[in-house]
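>>> need a 3D model of the sequence below.
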Amino acid sequence: MNKNKVSSYDEYPFCLPAIKELDVLELHPSVTFIIGENGSGKSTLLEAIAVNYGFNPEGGTKNFNFSTNDTHSSLHKYIKLTKGIKMPETGYFLRAESFYNVASNIDKLDSEGMGNRVIDSYGGVSLHEQSHGEAFFSTIMNRFSGRGLYILDEPESALSPSRQLAMISRIDGLVKEGAQFIIATHSPILMSYPESVLYEISDKIEEKHYTETYPFNITRSFLNNPEKYLKILLKE
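This is a model prediction of the structure:
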């Protein structure tokens, strides 16, 4: 991050401890996971990477240029992406909170009848005619292909545990075809993918082993003794 250009660390997002400490973040050539509590800055960092690369802040491919609500931060102006020898041939920014807007834009483009139908590359069925999870998974299965860069913001929010397991298989297949993923997540299922690096955001950004991460440990602790947790939470 170019800290010389930051005018004030009292303003968002530069006031976030992890952003203040950010210097260089080395991305894994296959899969990089960014994890952290709500408000830690993981989605803000992911958004900045996506926008700096050329993606629409609300999601989609680089060809999407609509704007429903311009709320993204200015962090993308202060970071520099160093690209490797392997240049992506395609890519997608998939974020849970604004996926509805992407689906609406696809329907709008197709209703205008300009060229080939966009929805055909998503499986041929309007994303609004599917459940949120089905539309998410349809995008991953149909729109993603090898040699692409895929930036995913909390994809598990739309996926059941079984779909998350299926997504691991899909990620692996695409990685073997040359794809690269950068994923912000809370899911201990997704972050178990072995060919990856995990960065956990708290007061700083630290690389962690899977079993050291807070999503893994709190999930394991609860599943090992749900009665104890429920007794505390429900104050029985």
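
>>> helices or strands up against the lowest-mean-pLDDT helix or strand in the chain?
Considering only helices and strands, the least confidently modelled element of the chain by mean pLDDT, DSSP states H and E is helix 17-21, at a mean of 77. Packing partners of helix 17-21 (3 or more Cβ pairs under 8 Å, 6 or more residues apart in numbering; DSSP states H and E): helix 42-53. The C-beta positions use only the backbone N, C-alpha and C, and glycine is treated the same way.

>>> returning to what we had before: and after the least confident helix or strand of the chain, which helix or strand comes next?
Secondary structure here is assigned by DSSP states H and E; on that basis, the next helix or strand after helix 17-21 toward the C-terminus is strand 31-36.

>>> what's the least confident helix or strand of the chain in contact with?
Counting by Cβ atoms under 8 Å, 6 or more residues apart in numbering, the neighbours of helix 17-21 from elsewhere in the structure are 1, 9, 13-14, 36, 40-41, 44-45, 75, 201-205.

>>> the longest helix in the chain is where?
Here the longest helix in the chain is taken by residue count, with DSSP state H as the criterion, and it is helix 161-175.

>>> now for the following helix or strand past that one, which elements pack on it?
Sequence-wise, the next helix or strand downstream of helix 161-175 (DSSP H and E) is strand 180-184. On a contact count with 3+ Cβ pairs under 8 Å, 6+ apart, strand 180-184 meets strand 31-36, helix 42-53, strand 148-153, helix 161-175.
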